[in-house]
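1. sequence unknown, structure follows:
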């Protein structure tokens, strides 16, 4: 499983030229290094807002992984999960679409959600 997600951005020519100048002058090793640094700086600037929003929305911050055993225990208890994650939520490959549909009421992920294609189809109407 990859530690990163690839994104694509469009940058105007003047901004791109300034980035390239900073790279050429040795402030950053390449464009990607500049962009990652800029993203981290903005996230650090808004860290308090992120923390308070996560707490208010009762979200998991980081990684949350659900195994077949986890979901079978939820089904045995007669419960349903409301998955709320800021980061990465994953459902194990051995989880059947039926088990996922029986135990997961809603999925709200800001970041990345990884599950088999069959499980994603079973939960399609519950993914926000």
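-> Structure received. For clarity, every value in this text was computed on a predicted model and none was experimentally measured.

2. which residue ranges of the chain form helices?
-> 13-24, 31-45, 47-56, 68-76, 97-103, 117-122 (DSSP state H).

3. of all those helices, which one comes closest to residue 5?
-> Evaluated over the helices of the chain, closeness to residue 5 peaks at helix 31-45, with 11.9 Å, by C-beta to C-beta. Backbone N, C-alpha and C define where each C-beta goes, glycine included.

4. angle of that closest one against helix 13-24?
-> 100 degrees (axes from the mean of the first three to the mean of the last three C-alpha atoms, to 10 degrees).

5. other residues contacting helix 31-45?
-> With C-beta atoms under 8 Å, 6 or more residues apart in numbering as the test, helix 31-45 has contacts from 9, 19, 20, 22, 23, 27, 28, 50.

6. and the furthest pair within these?
-> Of all pairs in these, the most separated under C-beta to C-beta is 20 and 50 at 30.5 Å.

7. can you pull up the bridge partners for residue 113?
-> Here residue 113 sits in beta bridges with residue 89, going by DSSP bridges.

8. residues contacting it?
-> So residue 113 contacts 85, 88, 89, 90, 107, 120, 127 (C-beta under 8 Å, 6+ apart).

9. the fourth one contacts residue 64, correct?
-> Yep, that's residue 90 we're talking about. Yes. Residue 90 lies in contact with residue 64 (C-beta atoms under 8 Å); the separation is 7.5 Å.

10. need phi/psi at the residue in the chain sticking out farthest from the centre.
-> Distance from the C-alpha centroid of the chain peaks at residue 25, with 33.8 Å (C-alpha atoms, centre = their mean). Torsion angles at residue 25 (phi, psi; degrees, to the nearest 10) stand at phi -80, psi 0.
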